[in-house]
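In: this one's structure only:
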Ligand SMILES: [Zn+2]
């Protein structure tokens, strides 16, 4: 049988039609990976926020 390593936790998982979470070992790893993706997407989208000037309190 064909096996792959879960991209999330590197558990050896069988690559089979009945394994709907492949290439992940479990739904948890699949969701975690998707969550990481979503976070990255969110971070990139919000990255323009760093252009906002910070309050200048040098001469306070
Ligand atoms: Zn896993």
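Out: Perfect, I can see it now. The shown structure was predicted, so the numbers you read here are calculated from the model rather than taken from an experiment.

In: okay, CA-based contacts and neighbour counts for the rest of this
Out: Noted.

In: what residues does this protein put near the ion?
Out: 6, 8-9, 25, 29 (C-alpha under 5 Å from the ion).

In: other SSEs contacting the helix or strand residue 34 falls within?
Out: For residue 34, the host element (DSSP states H and E) is helix 27-45. Contact partners of helix 27-45 among helices and strands, from 3 or more C-alpha pairs under 8 Å, 6 or more residues apart in numbering; DSSP states H and E: none.

In: hmm, back to that, quick one: mark the members of the residues of the chain next to the ion that sit in helices.
Out: Those of these mapping onto helices are residue 29, per DSSP state H.

In: what are the buried residues along the least confident helix or strand in the chain by mean pLDDT?
Out: Lowest by mean pLDDT, DSSP states H and E among the helices and strands of the chain is helix 27-45, with a mean of 81. Buried residues in helix 27-45, counting neighbours by 16 or more other C-alpha atoms under 10 Å, are found at 29-30.

In: again with stretch 5-13
Out: Neighbour counts over stretch 5-13 (16+ other C-alpha under 10 Å) mark 5-6, 8, 13 as buried.

In: right, and the pair among these with maximum separation?
Out: The distance between the two most remote of the buried residues of stretch 5-13 (C-alpha to C-alpha) is 11.4 Å, for 8 and 13.

In: what touches both of those two?
Out: Residues touching both residue 8 and residue 13 (C-alpha atoms under 8 Å, 6 or more residues apart in numbering): residue 24.

In: residue 53 in helix, strand or coil?
Out: coil (DSSP: H, G, I helix; E, B strand; the rest coil).

In: ok, it - how many residues close by?
Out: 7 (other C-alpha atoms under 10 Å).

In: neighbours of the closest residue to residue 1 other than its chain neighbours, just the number please.
Out: In space, residue 1 comes closest to residue 14 once its chain neighbours are excluded; the distance is 7.1 Å by C-alpha to C-alpha, 6 or more residues apart in numbering. Residues contacting residue 14 under the criterion other C-alpha under 10 Å number 18.

In: would you agree residue 14 is in contact with residue 21?
Out: No - look at residue 14 against residue 21 with C-alpha atoms under 8 Å: they stay out of range, at 10.1 Å.
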